[in-house]
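*Asks:* can't give you the sequence, but here's the structure:
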């Protein structure tokens, strides 16, 4: 009997850890944005500034980032954008001082990011799926480790 | 439905900047390289820059950048501010932009961020592929169009530009009344490659040659009675400057990242019309860097070769068939001085650089490096010895720098 309980506890704990270790990252835009979905490549190009407008539109994007030391930031850039932090910061400085455009606005908390995206029509950002709100529209989702 | 939500408020000015504080020392005395000597000095790699950018709408933007270099190869006082960028951009569509104003010519991988040490691995880009004498041509006042496009997993950027530029390098006044060129940059996964070509019409004038010019004019007067002498002697100083010289510039580069390694290289090829004050240059570097957590040691090797036009030398030799060597020791002295002056521009060097970059802060790095210069064929590389007839020895430059962005 005890063995059975331990086994259940062990399994539950293991599953929780597995769930914690995997999280969906969602790319979000304002609900009025006509974009229905973005491809993985679109997301990479938009957040690296290789494309400045939403695909098939003439609307300039307003990208919003989380703090550089946050988990969601590091997951997003490592797993979705596929650029490590050392390369990314040099890339961003190169981008800025080469006159290619503005860098994403950085906000402190996921709630601030949601608020800003919900309030800004041309914005784009990303959050853990647990932070998704119905005030924003999800246009890309990816499961990461 | 009424779109009552605010968009990003266009029209806000965003400020950013960068700075480097560096110091270095050459092993040997009686020679200057950039602003380095055999005593520790701070100007060569120290710089501060401020940038302002503003987006007026989805399409229009303006960027201005003012840079104050510790040493800018002119007689300017250290840290004289220069307007390096002032560019009005118009976004034609998601992937195409037109720009008007002053911007950087895309000659090298780091042309656009030459002064932003934070963006590259080394204390400074290799002078083997980024020749110092080219610094007056770093910018263009003109117009360009750039276009980004994706082919499956490959992102490609194209750029075409046309304009003019002028400037000064170590006392030489240069003016590119017309320049145009293009650049293609491709990124695929961990590999990137670039190719760049630029054409110039260049005028060059070096006021410090005035005594040599006056010397030939004086001898032309003295020998005005000798048939052909006046013409032969005056032809020589006429070549000390040049006008509307065709110069073409070509470079390729790549970078490849595998695991924690970054390999990169650039190759430079410059060709001028073989007349008057002109040169051909070839150079390259190959760099390898390994990334530990925040510490990245690197090694870089390179070579640089510069060949000055034989035009002046040929005219001096031609004059010797009119007034032979030995007839007039003073004229012989002037001709010898002319040859040694321009021989100084024939440069051959190999370099090896070892260094470490340490990213001690998300917005700052510290780098220290030792660069070994092996001068070949008696030249002095891009260094300036007190006596230009000195034969170059090998030397070592030790330097360090702190780079920040803000």
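*Replies:* Arrived safely, thanks for sending. None of the values given here were measured: they were computed from a predicted structure.
*Asks:* tell me the helices and strands packed up against the longest helix anywhere in chain B.
*Replies:* Longest helix in chain B by number of residues (criterion: DSSP state H): helix B:329-343. Where contact means 3 or more Cβ pairs under 8 Å, 6 or more residues apart in numbering or on different chains; DSSP states H and E, helix B:329-343 is packed against helix B:210-222, helix B:311-320. All C-beta atoms are positioned from the backbone trio N, CA, C, and that covers glycine.
*Asks:* what about those helices, which gets the closest to chain A?
*Replies:* Proximity of these to chain A was assessed by Cβ to the nearest Cβ; the nearest stretch is helix B:311-320, lying at 38.2 Å.
*Asks:* report the buried residues of the closest one.
*Replies:* Judged by neighbour count using 16 or more other Cβ atoms under 10 Å in any protein chain shown, the buried positions of helix B:311-320 are B:311, B:312, B:313, B:315, B:316, B:319.
*Asks:* and what of stretch B:169-178?
*Replies:* In stretch B:169-178, the ones that count as buried by 16+ other Cβ under 10 Å are B:169, B:172, B:173, B:174, B:175, B:176.
*Asks:* what about the residues you listed, which are in helices?
*Replies:* Restricting the buried residues of stretch B:169-178 to those inside helices, with DSSP H as the criterion, leaves an empty set.
*Asks:* for residue 136, which non-adjacent residue is spatially closest?
*Replies:* Reading this off chain A. Nearest residue to residue A:136 in three dimensions, chain neighbours excluded: residue A:28, at 4.2 Å (Cβ to Cβ, 6 or more residues apart in numbering or on different chains).
*Asks:* you answered for a different chain; I wanted chain B.
*Replies:* Spatial nearest neighbour of residue B:136, excluding adjacent residues (Cβ to Cβ, 6+ apart): residue B:167 at 2.8 Å.
*Asks:* partner strands of the helix or strand harbouring that neighbour, with direction?
*Replies:* Element membership of residue B:167 [criterion: DSSP states H and E] is strand B:154-169. In the sheet containing strand B:154-169, the strands it pairs with under DSSP bridges are strand B:139-151 (antiparallel), strand B:172-188 (antiparallel).
*Asks:* tell me which residues in that strand are buried?
*Replies:* Within strand B:154-169, the residues that qualify as buried are B:155, B:156, B:157, B:158, B:159, B:161, B:163, B:165, B:167, B:168, B:169, counting by 16+ other Cβ under 10 Å.
*Asks:* what does the pLDDT read for residue B:400?
*Replies:* Per-residue confidence (pLDDT) for residue B:400: 98.
*Asks:* now the residue nearest the centre of chain A: how far from chain B?
*Replies:* Central residue of chain A (Cα atoms, centre = their mean): residue A:126, 2.7 Å from the mean position. Residue A:126 sits at a distance of 17 Å from chain B (criterion: Cβ to the nearest Cβ, to the nearest Å).
*Asks:* was I right about residue A:66 contacting residue A:113?
*Replies:* Yes - here residue A:66 reaches residue A:113: they are 6.3 Å apart, a contact under Cβ atoms under 8 Å.
*Asks:* shared neighbours, those two?
*Replies:* Here residue A:66 and residue A:113 share the contacting residues A:107, A:125, scored by Cβ atoms under 8 Å, 6 or more residues apart in numbering or on different chains.
*Asks:* redo the helices and strands packed on helix B:329-343 as a markdown table? Include distance to residue B:85.
*Replies:* Below are the helices and strands packed on helix B:329-343 laid out as a markdown table (distance: least, Cβ to Cβ, whole Å):
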| stretch | distance to residue B:85 |
| --- | --- |
| helix B:210-222 | 35 |
| helix B:311-320 | 37 |
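*Asks:* make TSV out of the ones you listed and add mean pLDDT and distance to residue B:150.
*Replies:* Compiled in TSV, the helices and strands packed on helix B:329-343 are given as follows (pLDDT from 0 to 100; distance: least, Cβ to Cβ, whole Å):
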stretch	mean pLDDT	distance to residue B:150
helix B:210-222	94	56
helix B:311-320	94	48
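*Asks:* among those helices, which is nearest residue B:95?
*Replies:* Among these, helix B:311-320 comes nearest to residue B:95, with 46.0 Å by Cβ to Cβ.
*Asks:* the strands in chain A, which residues?
*Replies:* With DSSP state E applied, chain A shows strands at A:23-29, A:62-66, A:105-107, A:123-128, A:137-144, listed in chain order.
*Asks:* the fourth one: how far from the chain's middle?
*Replies:* Okay, so that is strand A:123-128. For strand A:123-128, the distance between its averaged C-alpha position and the chain's averaged C-alpha position is 5 Å (Cα atoms, centre = their mean, to the nearest Å).
*Asks:* the first one too?
*Replies:* If you compare the mean C-alpha spot of strand A:23-29 with that of the full chain, they lie 5 Å apart, counting by Cα atoms, centre = their mean.
*Asks:* what is the mean pLDDT for that strand?
*Replies:* Taken as a whole, strand A:23-29 carries a mean pLDDT of 92.
*Asks:* quickly run through the sheet partners of it, with directions.
*Replies:* Within its sheet, strand A:23-29 is paired with strand A:123-128 (antiparallel), strand A:137-144 (antiparallel), according to DSSP bridges.
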